[in-house]
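S.K.: next come a sequence and a model predicted from it.
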Amino acid sequence: MQSSHVEIIRPQRLLRDGMIASAQRHPDKNAVVVEGKAYSYAELLHSSLCMANVFKQNNVLKGDRIAIYMNNTWPCIVSIYATLLAGGVFMAINPQTKSDKLQFMLEDSEAKMLITESQLLKNFSPAVKNYKGLTTLIISGETTSESAPDNVDYINFEDALEIAEPLGSPEKVIPNDLAALIYTSGSTGFPKGVMQSHQSMVFAAWSLIEYQRLSEKDRILLVLPIAFDYGLYQLLMTMKLGATLIVERSFVFPAQIYKRIEEEKITVFPAVPMIYALMISSHKKKKLCFPTITRITNTAAALSAELIPYLHEVFPNALIYKMYGLTECKRVSYLEPELIDDKPQSVGQAIPGTEVYLLSPEGEPVATGETGILHVRGPHIMMGYWKRPEQTSEMIRPGKYPGEKVLCTGDLFKMDEDGLLYFVGRSDDIIKTRGEKVSPTEVENTLIGIPGIKESAVVGINDDVYGQQIKAFISLDDGATLSDRQVKKYCSDKLENFMVPSEIVILDELPKTDNGKINKKILV
Amino acid sequence: MSTEDKIRGYILENYLFTDDQSELDSSDSLLEKGIIDSTGIMELVFYLEEDFKIKVEDDEIIPENMDSVNSIVNFIDSKQ
């Protein structure tokens, strides 16, 4: 009897499993195309195993945090999967992050290794000099020894990859192990690391794949940063499906992206409202039309109902997905695309395999149509904030069954008779601009750090394109003089570009409430 | 003032908030150095249209024309 090859179907328990399975199923298929250069699944698996071996040779142990501070590049993608193969915990850090904050994240997470690129040297060099816990620094791109930090030996990414052998077997990890720390802005002004396990990330990725009706034939375009969880999941979903991810650095040059959509026959286009607004303003001048795209997805801020008719024109064959989420559970809800014209104000229902409900501040269920605090149940909720038990207990609350944990988002919503959600407001004062979360406290603290500034108050001003714009009010010490340019310069040295106030107003004194606090309501 | 000095001055003042010439080389990639983002590029185009009296089409906003002081200078020369 002839023996036949039997493929053993293995469950995908770990975040890396999807990529490994796809590489075994079709090694020669393109996994990613980065700025026009294609890499197959076999290449991705091989490079990731080689880099994982470099990590192991540099004493990376299971559970060690590995900071990946990079743009959307091939080395960034390899580093993420190498971390997972080596049993580490990856942290993808936005390349716009400045030195002080990078240092904070390295210290907070006690990262053992930093992987970065030579273009970002000016920012990572001071952080590496000040942070004592780093044992290995890996730099992609050309670096001269004079410019590199001298307290840690560095390894060149490309050189190391070229000579490394693939890791024999991936580190043993179980689904409950921590897979990633995802830093998010908090109302305290310091970013917090959201802890996500393998099982919650695997679950979330499949839930998103299911409702977006994705398949391995899809060609997904990534213009959002991988450091942003919405961007990261495009990578994770693509690898699980065995589809192809077309990676661009950003949406800065729209004409280049439009060309890529046509050349690469993109089928899925995930973006944020600012990108859709820019496309529509361009479309109004000169018609844009992308017939290959069959799904567009939006999150990070509300997609205004007025944009939707234009989106139908630009993407005539696309289902339009409105979604809502927060890093603490990846995604909360989505609106079935068939409902987009009937319920344009809604952010829809709970993602597959999860449940949402609204409670009053006293913890009682609220009636249909009444405002309540959104609670989320499901395997996608975070383990907690890294080393922040108090902030964790504000968000992770006891659930239905003894010992069960649910996520109390703090955000206010209404639910209609069909169970669809409507956003009412945030319970904190976080500003959402250009699809990013900004803590006013973090910006205010930066402003107060400028010699000559006495008081500061930062508010979000609603804006059609950006969601909100950041406006800062300051008062100066007696005798101090500061121009708004000097203030912006200082902010841009400390804060990501999207956090730098677009407007600075200097007042003699900031308005106060009766109890002496700055009255922000008057300022908005 | 030469076109190059004007463009470099504008970028230093509006994106790097400084007049220190050493902060920006005319060949530096504005994208790779993280100097410019989606909103920044729109402001830059608006400035070029206003100050150099040129019309920039959406499909001309590409790295070849806009990613460094040098490429912007060449682009303006080709338009004037």
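M.R.: Looks like it came in fine.

S.K.: going by C-alpha atoms from here, please, whenever you check contacts or count neighbours.
M.R.: Fine.

S.K.: low-confidence ranges, chain A, go.
M.R.: Applying pLDDT under 70 to chain A flags the ranges A:1-9, A:145-147.

S.K.: please parse chain A into its domains.
M.R.: A:41-195, A:251-425, A:431-523 (automatic domain parsing).

S.K.: out of these, deepest packed?
M.R.: Among the domains of chain A, ranked by average contacts under mean count of other CA atoms under 10 Å in any protein chain shown, first place goes to domain A:41-195 (a mean of 20).

S.K.: and the end-to-end length of that domain?
M.R.: 28 Å (CA to CA, to the nearest Å).

S.K.: tell me which helix or strand of chain B sits lowest on mean pLDDT?
M.R.: Ranking every helix and strand in chain B by mean pLDDT, DSSP states H and E puts helix B:38-51 at the bottom, with a mean of 87.

S.K.: could you point out which element follows it?
M.R.: Following helix B:38-51 in sequence order, the next helix or strand is helix B:63-66 (DSSP states H and E).

S.K.: what's in contact with the least confident helix or strand of chain B?
M.R.: Helix B:38-51 is contacted by residues A:250-253, B:15, B:54-56 when judged by CA atoms under 8 Å, 6 or more residues apart in numbering or on different chains.

S.K.: list the buried ones in it?
M.R.: Counting neighbours by 16 or more other CA atoms under 10 Å in any protein chain shown, one finds that the buried residues in helix B:38-51 are B:38-42, B:44-45, B:48.

S.K.: in a markdown table, list the residues you listed along with distance to A:T409.
M.R.: Below are these laid out as a markdown table (distance: CA to CA, whole Å):
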| residue | distance to A:T409 |
| --- | --- |
| B:S38 | 30 |
| B:T39 | 30 |
| B:G40 | 33 |
| B:I41 | 35 |
| B:M42 | 35 |
| B:L44 | 39 |
| B:V45 | 40 |
| B:L48 | 45 |
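
S.K.: near chain B, which residues of the stretch 1-150 of chain A?
M.R.: Proximity of the stretch 1-150 of chain A to chain B (CA under 8 Å from any CA of the partner chain) is limited to residues A:95-96, A:119-120.

S.K.: which two among the contacts of helix B:38-51 are spaced furthest apart?
M.R.: Across the contacts of helix B:38-51, no pair lies farther apart than A:S250 and B:I54, at 25.8 Å, counting by CA to CA.

S.K.: columns distance to A:N30 on top of the domains of chain A, output as CSV?
M.R.: Formatted as CSV, the domains of chain A follow (distance: least, CA to CA, whole Å):
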stretch, distance to A:N30
domain A:41-195, 6
domain A:251-425, 12
domain A:431-523, 29
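
S.K.: what about the helix or strand where A:A21 lies, distance to the chain center?
M.R.: Under the criterion of DSSP H and E, A:A21 resides in helix A:17-25. Chain-centre distance of helix A:17-25: 24 Å, with CA atoms, centre = their mean, to the nearest Å.

S.K.: what comes up buried for that helix?
M.R.: Neighbour counts over helix A:17-25 (16+ other CA under 10 Å) mark A:17-23 as buried.

S.K.: residues in contact with the next helix or strand after it?
M.R.: Sequence order places strand A:30-34 as the next helix or strand after helix A:17-25, per DSSP H and E. Applying CA under 8 Å, 6+ apart, the contact partners of strand A:30-34 are A:38-41, A:44, A:73-74, A:238-239, A:242-248.
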